[in-house]
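> Return atomic coordinates for the entry below.
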Amino acid sequence: MSRERILVALSGGVDSAVAALLLREQGHAVEAAYMKNWINEENILGDCPWQEDLEHARAVCAALGIPFRVVNLMRDYRERVVSYLLDGYESGHTPNPDVMCNREIKFGVFLRHALAEGFDAVATGHYARRENDADGRTRLFEGADKNKDQSYFLALLGADPLTRARFPLGALTKPEVRRLAASAGLPNAGRKDSQGICFIGNVRMRDFLRTFIPDRPGPIVRATDGAVLGQHRGLHLFTIGQRRGIGIPSNTDHENYVVVGKEAEGQRLLVAFDGPAAPGLWTSAARIGGLRWLHQAPPSGPLQVRVRYRDPRVPATLHIQDSDTAEVVFDHPQRALATGQVIAFHRGEELLGGGIFL
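Residues are numbered from 1 along each chain as shown. The predicted structure is shown next:
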């Protein structure tokens, strides 16, 4: 293994800390940076512990004896991730800020910063395996810890950034990472994992959206017969497949309403009783746009797809239409696909790339 100069993106959590530890032990020239992306200037309800994260990152670097810096990417994050998130919800879609944060920030702006500073690569604490095959191609696989695998969030990364990405935790499980952190005496070894929107913190999505997007009330309509069942405060507060928080009772034993559609004209929120017969809830074929491949586009034919994080891979057939779009026909209909959702393409454990459900 050749010695590289690597800039580690430290979040303040244990995963990125152990990534830095492992790279240092492998003999690389390691430095670390905290990406300052969001500081909750709007005082949104919830926990945005960026200062605490920063101090944990600084303490890790002191413990490891590696240089530390802060990289201010707040403007880029707002333009490339927050605007994407808000525009998506305002347009009736269901965007994925974590996927876009990886593509646009960690392996976009931050990577370009690292390269400009003379680094060979950037590293993160993602649970994903990166390998170079005999032909010199860089390939990406699911992490060894299937409960923590984060390859889905890298589906839109693209080929060039992948060659500069390092994922030291790919072959480890979370308990192993915790043990390594403790044995090395890292100050954040026992720190809980963060939850919530990428870099924004433990903020409820509904609260975040209502801070930036005004309410646009409209009727809640039963899709099967057009009956108006109530009123909602805005289509952006709902997504396809949602059952909780709709705000209307079913008044029918053992039946629950589920969101099956959103119509911008008239701000109509469509609901139906959850089940195989719910109109619009199940999808047999999907048009996918914004395709990104991790080396080269596969030919049309059978493969597997993951339609959301934590869902299993499912068999489907890919029909390439052009360089940017494709159709996916599922072997079995998929529940609650929403426009804007990221679809990941697989061949077994290997992640081939991804796109956005149109």
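> how about the strands of the stretch 201-350 of the chain, start to end?
All strands of the stretch 201-350 of the chain, identified by DSSP state E, counting those that start in this stretch, fall at 218-222, 228-232, 257-263, 268-273, 282-293, 301-306, 314-320, 326-335, 342-347, 350-357.
> Serialize those to TSV and add fields for distance to residue 22 and mean pLDDT.
Just so you know, the C-beta spots here come from the backbone N, C-alpha and C atoms, and that holds for glycine as well. TSV is the format used below for the strands of the stretch 201-350 of the chain (distance: least, C-beta to C-beta, whole Å; pLDDT from 0 to 100):
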stretch	distance to residue 22	mean pLDDT
strand 218-222	51	98
strand 228-232	48	98
strand 257-263	43	98
strand 268-273	48	98
strand 282-293	28	98
strand 301-306	27	98
strand 314-320	33	98
strand 326-335	37	98
strand 342-347	26	98
strand 350-357	22	98
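> Tell me which of those strands lies nearest to residue 12.
Closest of those to residue 12 is strand 342-347, at 25.6 Å (criterion: C-beta to C-beta).
> mind listing what the closest one pairs with, with the direction of each?
Strand 342-347 has the following strand partners under DSSP bridges: strand 301-306 (antiparallel), strand 350-357 (antiparallel).
> ok, and the closest non-adjacent residue to residue 16?
Excluding its sequence neighbours, the residue lying closest to residue 16 (C-beta to C-beta, 6 or more residues apart in numbering) is residue 125, at 3.7 Å.
> how near is that neighbour to residue 26?
For residue 125, the distance to residue 26 (C-beta to C-beta, to the nearest Å) stands at 15 Å.
> Return the distance of residue 357 relative to residue 339.
6 Å.
> Neighbour count: the two, which is higher?
residue 357 (21 against 18; other C-beta atoms under 10 Å).
> how close does that one sit to residue 179?
Residue 357 is 39 Å from residue 179, by C-beta to C-beta.
> Determine which of the strands paired with strand 342-347 approaches residue 170 most closely.
It's strand 350-357; of the strands paired with strand 342-347, that one is closest to residue 170 (C-beta to C-beta) at 11.7 Å.
> Neighbours of residue 194, how many?
Neighbourhood size, residue 194 [other C-beta under 10 Å]: 17.
> circling back to that earlier point, export the strands of the stretch 201-350 of the chain to a markdown table and tack on distance to residue 101?
What follows is the strands of the stretch 201-350 of the chain, written out as a markdown table (distance: least, C-beta to C-beta, whole Å):
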| stretch | distance to residue 101 |
| --- | --- |
| strand 218-222 | 31 |
| strand 228-232 | 29 |
| strand 257-263 | 25 |
| strand 268-273 | 28 |
| strand 282-293 | 15 |
| strand 301-306 | 18 |
| strand 314-320 | 25 |
| strand 326-335 | 24 |
| strand 342-347 | 12 |
| strand 350-357 | 14 |
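> Contact partners for residue 217?
Shown in contact with residue 217 (C-beta atoms under 8 Å, 6 or more residues apart in numbering): 231-234, 267.
> Residue 35 too?
Applying C-beta under 8 Å, 6+ apart to residue 35 gives the contacts 9, 71, 73, 105-106, 110, 199.
> Look at it and give its secondary structure.
Classification of residue 35 using DSSP: H, G, I helix; E, B strand; the rest coil returns strand.
> got it, and residue 148?
What three-state DSSP gives for residue 148 is coil.
> Tell me, how many residues neighbour the nearest residue to residue 239 once chain neighbours are set aside?
Ranked by C-beta to C-beta, 6+ apart and with sequence neighbours excluded, the top spatial neighbour of residue 239 is residue 94, at 4.6 Å. The number of residues packed near residue 94 is 22, by other C-beta under 10 Å.
> Distance check, residue 94 against residue 351.
Residue 94 is 21 Å from residue 351, by C-beta to C-beta.
> do the same with residue 271
35 Å.
> least trustworthy helix or strand in the chain by mean pLDDT?
helix 205-212 (a mean of 88; mean pLDDT, DSSP states H and E).
> which parts of it are buried?
When burial is assessed from 16 or more other C-beta atoms under 10 Å, helix 205-212 yields the following buried residues: 205, 208-210.
> possible to save the residues you listed as CSV with distance to residue 294?
Formatted as CSV, the buried residues of helix 205-212 follow (distance: C-beta to C-beta, whole Å):
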residue, distance to residue 294
205, 28
208, 30
209, 31
210, 36
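> Point out where the stretch 1-150 of the chain drops to low pLDDT.
Applying pLDDT under 70 to the stretch 1-150 of the chain flags residues 1, 40-48.
> Could I get the full set of strands for it?
Counting by DSSP E, counting those that start in this stretch, the stretch 1-150 of the chain has strands at residues 5-9, 29-36, 68-72, 121-123, 128-132, 138-142.
> looking at those, which is buried most?
For those, the largest average neighbour count (mean count of other C-beta atoms under 10 Å) is found in strand 5-9, namely a mean of 24.
> Compare the strands paired with strand 342-347 and give me the one nearest residue 3.
strand 350-357 (27.6 Å).
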